[in-house]
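Need coordinates for the following:
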Amino acid sequence: MEKDIKNIYDTVDFNKPLDVSSMDYVSFSNAKVCHICEVKFDGSDNKVIDHDHFTGKYRGAVHRSCNSLFRMPTHIPVLFLNLSGYDVHLFI
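This is a model prediction of the structure:
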């Protein structure tokens, strides 16, 4: 599984360039609240463009601080199902 995960990270481009249309720029200019924390913009924190790093698509206007805290996960969750007949404590 570890080899497969490394292969995914090596082959997939996780940092697509920003793809913003003119309508997205209008939406960004008119935005009054951060789309992450839903707090109004004021002069204390800069308004920046947030985009999806997988697709490059515009997501909304955000505070610079919210954007820096909003990160892609660095782990891949693994779920186990139907373990009632096994010694689960060995896995955990």
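
Going by C-alpha atoms from here, please, whenever you check contacts or count neighbours.
OK.

Name the nearest residue to Val39, ignoring sequence neighbours.
Leaving aside its sequence neighbours, Val39 sits nearest to Val33 (C-alpha to C-alpha, 6 or more residues apart in numbering; 5.2 Å).

in the chain, what secondary structure element scores lowest on mean pLDDT?
The least trusted helix or strand in the chain, going by mean pLDDT, DSSP states H and E, turns out to be helix 2-11, with a mean of 78.

can I have that helix written out in CSV, keeping just the CAs?
Only the C-alpha atoms of helix 2-11 are listed here, as CSV (Å, rounded to 0.1, in the frame of the first residue of the first chain):
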residue,chain,number,x,y,z
GLU,A,2,2.9,2.4,0.8
LYS,A,3,4.3,1.9,-2.7
ASP,A,4,1.0,2.6,-4.3
ILE,A,5,0.6,5.8,-2.2
LYS,A,6,4.1,7.0,-3.3
ASN,A,7,3.2,6.2,-6.9
ILE,A,8,0.1,8.3,-6.6
TYR,A,9,2.1,11.3,-5.2
ASP,A,10,4.7,10.9,-7.9
THR,A,11,2.3,10.7,-10.9
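
Skip ahead from it and say which helix or strand is next.
helix 22-30 (DSSP states H and E).

I'd like to check what contacts that following helix. Which residues are they?
Ile49, Tyr58, Gly60, Ala61 (C-alpha atoms under 8 Å, 6 or more residues apart in numbering).

Kindly write the ChimeraX command that selects the buried subset of these.
Under the burial definition 16 or more other C-alpha atoms under 10 Å, those of these that qualify are selected in ChimeraX by:
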select :49,58,60,61
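
Need the max-distance pair from the contacts of helix 22-30.
Spatial extent of these (C-alpha to C-alpha) is set by the pair Tyr58 and Ala61 at 8.7 Å.

Overlap of the contact sets of the two?
Ile49, Asp50.
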